[in-house]
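In: Here you go, sequence then predicted model.
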Amino acid sequence: VQAFSGRLSLYEGSFSAIRQMVAGSDFEQVDGIVFDLGLCSTQLDQAERGFSFRLDGPLDMRMSQSGPSAADLVNELSEAELADILFAYGEERASRRIARAIVARRQSQPFERTLDLADVIQGVLPRPKPGQAHPATRSFQALRIAVNHEFDELFMGLHGAEEVLAPGGLLMVVTFHSLEDRMVKRFLQLRSGHGQNANRFAPEMQTSKPTFDLVTRKAVSAEEEELSQNPRARSARLRVGRRTGAPALKSLSAKDLGMPSIGGKRRA
């Protein structure tokens, strides 16, 4: 940081706080924003953070180290609530079977460790074929998203970026799974005037001046050379939009962006 003294200012905060962070800085607007929605490799590799189903550690998963942990959710939510989270946030088809096994096991002993939960999940799913992901992958993803309110943060961060970006400024978002990529894609499509109604029988959305131009029509993926050096980039998808001079628009709804819901309800 000292090498960039006078040119770099660091502010700690969540995506949803981007408006407040810019308001508290020396700038009224910014020329570029990068949202990297992936986990840092050091977080995955540190067993004590509780993100990995391959390393034994406390069942935590909290980015900020505050608020309810994954263990709290697993030990306290009802079977139906757990199943909804696993299905909506992890697209886990066996969500009810896994939730049932979790609730049955915690009656005798609460979950405290990552490998303990991973073993229970693995025990109720078919053995993976060579090349397939670990059976607990989707469940751990879903719990991490729920613990950190990741979709809410992304939803508010996208709208905040629209407000603080200067004309010509770039919004760059790196996603790592289809659910968050769908939200980013839909946001940029609608704000650039390229979106379509999800329901073809619904009234047409009111047209407004686009607030973004699409820089990338399709998501950009890592090339083979990068993958050979960083295999974890295989699921990364980059989407870029350039801010126009049009005023920021009224916030879209969570439904407009295809934001996953829990029990038929969306938080935003």
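Out: Yep, that arrived.

In: what sits against the spatially closest residue to R144 that is not a sequence neighbour?
Out: The shortest distance from R144 to any non-neighbouring residue, by CB to CB, 6 or more residues apart in numbering, is to M61 (4.7 Å). The way it works is simple: take the backbone N, C-alpha and C, and place the C-beta from them, glycine included. Residues near M61 by CB atoms under 8 Å, 6 or more residues apart in numbering: R49, G50, F51, S69, A70, F140, L143, R144, V147, N148.

In: residue contacts, E112?
Out: Counting by CB under 8 Å, 6+ apart, E112 touches P58, L59, A71.

In: Likewise for P128?
Out: Contacts for P128 (CB under 8 Å, 6+ apart) come out as H134, P135.

In: how about a cut-off of 6 Å?
Out: P135 (CB atoms under 6 Å, 6 or more residues apart in numbering).

In: now do A99
Out: With CB under 6 Å, 6+ apart, A99 has these contacts: E79, L82, A83.

In: Most neighbours among the residues you listed, which one is it?
Out: Comparing these by number of neighbours (other CB atoms under 10 Å), L82 comes first, having 24 neighbours.

In: That residue: what's its closest spatial neighbour, skipping adjacent residues?
Out: Spatially, and ignoring its direct neighbours in sequence, L82 is nearest to A99 (3.9 Å; CB to CB, 6+ apart).

In: quick one, phi psi at the one you found?
Out: Backbone torsions for A99, taken as degrees, to the nearest 10, come to phi -60, psi -40.

In: for M172, same thing?
Out: On the backbone of M172 - angles per degrees, to the nearest 10 - the values are phi -120, psi 120.

In: ok, it to L165 distance?
Out: Going from M172 to L165 by CB to CB, to the nearest Å gives 11 Å.

In: More neighbours: the two, which one.
Out: Comparing M172 with L165 by neighbour count (other CB under 10 Å), the higher total belongs to L165, at 25 against 17.

In: pull the helix or strand with minimum mean pLDDT from the chain.
Out: Ranked by mean pLDDT, DSSP states H and E, the weakest helix or strand in the chain is helix 41-45, scoring a mean of 75.

In: With only the CA atoms kept, save it in PDB.
Out: The C-alpha trace of helix 41-45 is given here as PDB (Å, rounded to 0.1, in the frame of the first residue of the first chain):
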ATOM      1  CA  SER A  41      -8.300 -18.800  -2.700                       C
ATOM      2  CA  THR A  42      -6.900 -18.100   0.700                       C
ATOM      3  CA  GLN A  43     -10.400 -18.300   2.100                       C
ATOM      4  CA  LEU A  44     -10.900 -21.700   0.600                       C
ATOM      5  CA  ASP A  45      -7.500 -22.900   1.700                       C
END
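
In: what element comes up after it heading to the C-terminus?
Out: helix 70-76 (DSSP states H and E).

In: That next one: which residues count as buried?
Out: A70, A71, D72, L73, V74, N75 (16 or more other CB atoms under 10 Å).

In: Including distance to C40 and pLDDT, could those residues go into TSV?
Out: Shown next, in TSV, are the buried residues of helix 70-76 (distance: CB to CB, whole Å; pLDDT from 0 to 100):
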residue	distance to C40	pLDDT
A70	17	97
A71	21	97
D72	23	97
L73	22	97
V74	23	98
N75	27	98
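
In: Show me which pair in the residues you listed is furthest apart.
Out: In terms of CB to CB, the buried residues of helix 70-76 reach their longest pairwise distance at A70 and N75, which sit 9.4 Å apart.

In: what's in contact with the helix or strand L154 falls within?
Out: Element membership of L154, judged by DSSP H and E, is helix 150-164. Residues outside helix 150-164 that contact it (CB under 6 Å, 6+ apart): 14-16, 18-19, 22, 29-30, 33, 171, 180, 183, 187, 211, 248, 251, 259, 267-268.

In: gap between that helix and the chain center?
Out: Its chain's C-alpha centre and that of helix 150-164 lie 11 Å apart, by CA atoms, centre = their mean, to the nearest Å.

In: Please apply the same query to stretch 28-45.
Out: Mean C-alpha position of stretch 28-45 versus that of the full chain (CA atoms, centre = their mean) differs by 11 Å.
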